[in-house]
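Enquirer: Sequence and predicted model, in that order:
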Amino acid sequence: MRRESIHGMEHGGNSGAWAVNSRLPGAWSWREARPVVLHPMFYRGYQDFQTGMPFDYRILDGLESLDQIRYENGREIAAECRALGLSIRWPDRNRVPRELKAVVVDRAWARRAVTCPQIPVPNYPV
């Protein structure tokens, strides 16, 4: 079953835990997140934040909307790493550092826990 059908999004329903202005649900696992994290625009956003480059909307003007999102997500992950007290160097775009992967996986699991419908478990007397 597609995630969108779980929440009725294919008919314009409530997006639940997703961002108000985004219909992109985000990854639920490393397998889904990996292609995005390895994308050049995600890497560029991550590196720009790490080097202290201020956010420049002119950079985004020349990009397609998905590349804009990837760039912003890279900056967001870098900011989250800094807020967590992690100083993660990422010199090679094709080799994601273990600590960075852990941050992305933790976010995916948290997202899944919020958006995935819970199956009720009956409480039987012991």
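Expert: The structure has been received and is ready for your questions. In this text, all values refer to a predicted model and were calculated from it rather than measured experimentally. Residues are numbered from 1 along each chain as shown.
Enquirer: buried residues in stretch 100-109?
Expert: When neighbours are counted by 16 or more other CB atoms under 10 Å, the buried residues of stretch 100-109 are found to be Leu100, Val103, Val104, Arg107, Ala108. For glycine as for every other residue, the C-beta is placed from the backbone atoms N, C-alpha and C.
Enquirer: With adjacent residues omitted, what lies nearest to the first one?
Expert: I take that to be Leu100. With sequence-adjacent residues excluded and distances taken as CB to CB, 6 or more residues apart in numbering, Leu100 is closest to Ile88, at 5.0 Å.
Enquirer: What of Leu60?
Expert: For Leu60, the closest residue by CB to CB, 6+ apart turns out to be Gln68, at 4.7 Å.
Enquirer: burial count for the one you found?
Expert: For Gln68, the number of neighbouring residues by other CB atoms under 10 Å comes to 17.
Enquirer: With Ser65 instead?
Expert: 8.
Enquirer: returning to what we had before: which of the buried residues of stretch 100-109 fall in helices?
Expert: Secondary structure defined by DSSP state H assigns Leu100, Val103, Val104, Arg107, Ala108 of the buried residues of stretch 100-109 to helices.
Enquirer: unless I'm mixing things up, the second one is touching Cys81, no?
Expert: What that stands for is Val103. Yes - applying CB atoms under 8 Å as the test, Val103 and Cys81 come out as touching, 5.9 Å apart.
Enquirer: May I see the buried residues of the host helix or strand of Phe42?
Expert: In this assignment (DSSP states H and E), Phe42 forms part of helix 40-50. Across helix 40-50, burial judged by 16+ other CB under 10 Å covers Met41, Phe42, Tyr43, Arg44, Gly45, Tyr46, Gln47, Asp48, Phe49, Gln50.
Enquirer: any idea which of the residues you listed is closest to Trp30?
Expert: Using CB to CB, the shortest approach to Trp30 within the buried residues of helix 40-50 belongs to Phe42, at 14.1 Å.
Enquirer: List phi and psi for the closest residue in space to that closest one that isn't next to it in sequence.
Expert: Of all residues not flanking Phe42 in the chain, Gly74 sits nearest, at 4.0 Å (CB to CB, 6+ apart). Here the main-chain torsion angles of Gly74 (degrees, to the nearest 10) amount to phi -60, psi -40.
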